[in-house]
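Engineer: everything below, folded, please.
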Amino acid sequence: MPPTPLTRQVAARIVDYIRSEQVATGTRLVERTLADQLRVSRSPVRNALRLLADSGAVAEADRGGYTVVSTDHLDLTEDAEDDVDDTVYLTIAGDRLDGELPDKITESALVRRYSLTPAQLNRVLRRASSEGWIERLPGYGWEFRPTLTSQQSYADSYRFRLTIEPAAILEPTFVLDRAAIEHVREQQQKLADGWIHELDNITLFNINHVFHETIAECSRNEFFIEALRRVDHLRRLVEYRRSLPRESGVIRCREHVEIADLLLADRRTEAAERMRGHLSTVTAEKIGP
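Structural biologist: Residues are numbered from 1 along each chain as shown. Model prediction:
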């Protein structure tokens, strides 16, 4: 999947920041500090850093986070091989969901099964690893991480969200990140105005989960935030293959806009109720009552 416009925009702003502030090679980039500096939520910063890592501008630090490597000759334009990578990526994801791949697998096995070049395999594994459904084993090979594969686990994930997301809005530590909420509201309005018909399921999922995670991050409660991120990782592959009809999606995006407007108007109780109603409707549409 090509990076979303938001990811590319934030990545470009991070590069501008590194260059304008003359941030030295080896300097650790702190996600929260960048989010504050750029006045966006942490989720798009996280995705942008992953993109910059793929581009070689930053590298993963030993104890988490990223460090500056080089922004010389960095090109954030679309990769001509994105479409090929998308096809392979979704094929591997689908095979994993269908139980056709073992829990542990080698790179050579993946190369043979999907006729990949080393460069293609590297990009696909980087992407799957960054999205949390595969991880490198110590020394040799890869292991698929748990994902939602049954109808029951998928239904349970929505019921869990129905509990925690409205509660996160009502947390006493909730502090509105106005710039971030305005940004995700703008994206949702654009979707409702017709952009949704131009996007694939992956891009749509990423935009929508950023909306929900941005709101949860305002709670300042790490348990809510991490719980929602964990659920989003687990349900990601299922969502890639299962999406609401675009006509219904337009309605849900309008509901997102309404929730954002309530938050921006400091009407949190109403926003929490609207979030509960929104998730209840989506749950019924995707998994039944």
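Engineer: and the residue most central in space within the chain, what element?
Structural biologist: For the chain, the residue nearest the mean C-alpha position is Asn206 (4.7 Å; C-alpha atoms, centre = their mean). Using DSSP states H and E, Asn206 falls within helix 201-217.
Engineer: would you map out the domains in the protein?
Structural biologist: As assigned by automatic domain parsing, the chain contains the domains 5-68, 82-144, 151-287.
Engineer: tally of neighbours for the nearest residue to Gly94 once chain neighbours are set aside?
Structural biologist: In space, and not counting its chain neighbours, Gly94 is closest to Arg241: 6.6 Å by C-beta to C-beta, 6 or more residues apart in numbering. For the C-beta atoms, the positions are set from N, CA and C on the backbone; glycine is no exception. Neighbour count for Arg241, taken as other C-beta atoms under 10 Å: 12.
Engineer: and Arg241, how far from Asn201?
Structural biologist: Distance from Arg241 to Asn201, counting by C-beta to C-beta, to the nearest Å: 7 Å.
Engineer: likewise Ala48?
Structural biologist: 22 Å.
Engineer: re the thing from before, buried sites along the helix holding Asn206?
Structural biologist: 202-217 (16 or more other C-beta atoms under 10 Å).
Engineer: what does stretch 213-231 give?
Structural biologist: 213-219, 221, 224-225, 227-229, 231.
Engineer: residue boundaries of the helices in the stretch 151-289 of the chain?
Structural biologist: 151-169, 178-192, 201-217, 222-241, 246-264, 268-287 (DSSP state H, counting those that start in this stretch).
Engineer: ranking those by burial, who's on top?
Structural biologist: Across these, averaging neighbours per residue (mean count of other C-beta atoms under 10 Å) puts helix 201-217 on top, at a mean of 22.
Engineer: that one packs against which elements?
Structural biologist: helix 42-55, helix 151-169, helix 178-192, helix 222-241, helix 246-264 (3 or more C-beta pairs under 8 Å, 6 or more residues apart in numbering; DSSP states H and E).
Engineer: which of the buried residues of stretch 213-231 lies closest to Ala93?
Structural biologist: The shortest approach to Ala93 among the buried residues of stretch 213-231 belongs to Val231, at 17.4 Å (C-beta to C-beta).
Engineer: correct me if wrong: Tyr89 contacts Arg127.
Structural biologist: Yes. With contact defined as C-beta atoms under 8 Å, Tyr89 and Arg127 form a contacting pair (6.2 Å).
Engineer: picking that back up, closest one to Glu107 among the helices of the stretch 151-289 of the chain?
Structural biologist: So among the helices of the stretch 151-289 of the chain, helix 222-241 is nearest, using C-beta to C-beta, at 20.1 Å.
Engineer: between the closest one and helix 201-217, how big is the angle?
Structural biologist: Per axes from the mean of the first three to the mean of the last three C-alpha atoms, to 10 degrees, the angle that helix 222-241 makes with helix 201-217 is 170 degrees.
Engineer: who's in contact with helix 222-241?
Structural biologist: 90, 93-94, 96-97, 131-133, 145-149, 153-154, 157, 160-161, 164-165, 167-168, 171, 201-202, 205, 209, 212-213, 216-217, 219 (C-beta atoms under 8 Å, 6 or more residues apart in numbering).
Engineer: likewise for stretch 268-283?
Structural biologist: 155, 158-159, 161-162, 165-167, 169-170, 174, 215, 244, 252, 255-256, 258-259, 262-263.
Engineer: nice, that's everything, thank you.
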